[in-house]
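A.B. asks: Okay, predicted coordinates and the sequence, questions at the end:
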Amino acid sequence: MAQSSTASSRFVDAVQRIQPRLKLIERSMREQLTAATAPLPQLGAQVLGSGGKRLRPALLIWAAEICGYTGPRCIQVAAAVELLHTATLLHDDVVDFSALRRGRPSANAIWGNRRAVLAGDFFYARASSMIVEDGDQDILWVFANTIGCMAEGELLQLAGSFDIGVTEAYYFSVIAYKSAALLASACEAGSILGGVTRAERRKLAEFGQELGLAFQLRDDALDYVAGEEQLGKPPHGDIREGKVTLPLLLTLKRCAPAERELIGAVLKSAARIVETEGEAPDLDLGPVLELVERHRGVADTIRRAESHVNRAIAAIAAFPDGRVKCDLIAAAHFAAGREH
């Protein structure tokens, strides 16, 4: 606990140092909604006002800085990256039937699924326009490729839902595409602004990718052990939605055949609830949660997250030491040590 508290404190200090630029990024995002027709301004204000760590813009700023760039282009490109992330959240909440986002009613809960999906499309469009306006073909290619990766990751996750036969390789493909790709792209876009070599670009993209894997692993672990106040939504959502994440995968590998059948039965019940939109009896998750704890599913997921942090730090070893490198390392440790 003390170690994660220290990681969080260092990350907060690092973010505080770039707060003036993060405020400009926030303003740039909100400006994309000013000329939009109703209910987009209200919907956008709800989504953007729910807060968030703004990790992706921060990573872009630090990646650019460590490559020697501190100019104004960071603001527009980082705002586009965060708008893209916001678009995925709008769509995710629809796909996952989520009524809460960061402790507040989700956009789909207020305006309905159709408006939430269309608002996500609008955010994708505005983010893409901002990248086109920047005019850098390399950043445009990275951005377009990332959108494809994230969509593929979502489809992979849906295809593997409620399936106890999902492999670790499949799971890591899902989180690499769905979650880590955008963090990798934020870091690579920052390096492109810095005008460094392709080899250096690859190293910063690798840093973002490994950090993104650590972040998602921690997220999947927290879903099993954190409460609603920490998560900003009801816990154990992954099981209810049929997502076979690493804590459950590790448990399935280690448990007895009868225990595996029990988990499979719970997932089948979860699938029926999703199919009937919640009209089936609620799930008793207690036996599955006990198995995950007994077989160290959460503890070993956290350990895996820490190993990806080490790989992230190794990826930027050749970059110059100093405050910016320390900020990037603080972000990596935060990814694996955060409590919400």
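C.D. replies: Yep, that arrived.
A.B. asks: Would you mark the buried spots in the helix or strand harbouring A151?
C.D. replies: Here A151, judged by DSSP states H and E, is contained in helix 137-159. Along helix 137-159, these residues count as buried under the neighbour rule (16 or more other C-beta atoms under 10 Å): 139, 142-143, 146-147, 149-150, 153-154, 156-157. The C-beta positions use only the backbone N, C-alpha and C, and glycine is treated the same way.
A.B. asks: can you check stretch 267-275 too?
C.D. replies: 267, 269-271, 273-274.
A.B. asks: hmm, who's touching it?
C.D. replies: With contact meaning C-beta atoms under 8 Å, 6 or more residues apart in numbering, stretch 267-275 is reached by 97, 161-164, 239-242, 244, 279-283.
A.B. asks: May I have that stretch as PDB, with CA atoms only?
C.D. replies: Output of stretch 267-275 as PDB, limited to C-alpha atoms (Å, rounded to 0.1, in the frame of the first residue of the first chain):
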ATOM      1  CA  LEU A 267     -20.500 -17.300 -16.900                       C
ATOM      2  CA  LYS A 268     -23.400 -19.100 -18.600                       C
ATOM      3  CA  SER A 269     -25.700 -17.500 -16.100                       C
ATOM      4  CA  ALA A 270     -24.100 -14.100 -16.800                       C
ATOM      5  CA  ALA A 271     -24.700 -14.600 -20.500                       C
ATOM      6  CA  ARG A 272     -28.400 -15.300 -20.000                       C
ATOM      7  CA  ILE A 273     -28.700 -12.200 -17.900                       C
ATOM      8  CA  VAL A 274     -27.100 -10.100 -20.700                       C
ATOM      9  CA  GLU A 275     -29.300 -11.700 -23.300                       C
END
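A.B. asks: Just the mean pLDDT for that stretch, thanks.
C.D. replies: For stretch 267-275, mean pLDDT is 89.
A.B. asks: thinking again about what came up before, among the buried residues of helix 137-159, which two are most distant?
C.D. replies: Greatest spacing in those, by C-beta to C-beta: I139 and Q157 (26.9 Å).
A.B. asks: returning to what we had before: hmm, which of the contacts of stretch 267-275 is lowest in pLDDT?
C.D. replies: Confidence by pLDDT is poorest for A280 among the contacts of stretch 267-275, given 45.
A.B. asks: got the buried residues for the helix or strand where L289 lies?
C.D. replies: Using DSSP H and E, L289 maps to helix 286-294. Going by neighbour count (16+ other C-beta under 10 Å), the buried part of helix 286-294 is 288-289, 291-292.
A.B. asks: and what of stretch 95-115?
C.D. replies: Across stretch 95-115, burial judged by 16+ other C-beta under 10 Å covers 96-98, 100-101, 104, 106-109, 111, 115.
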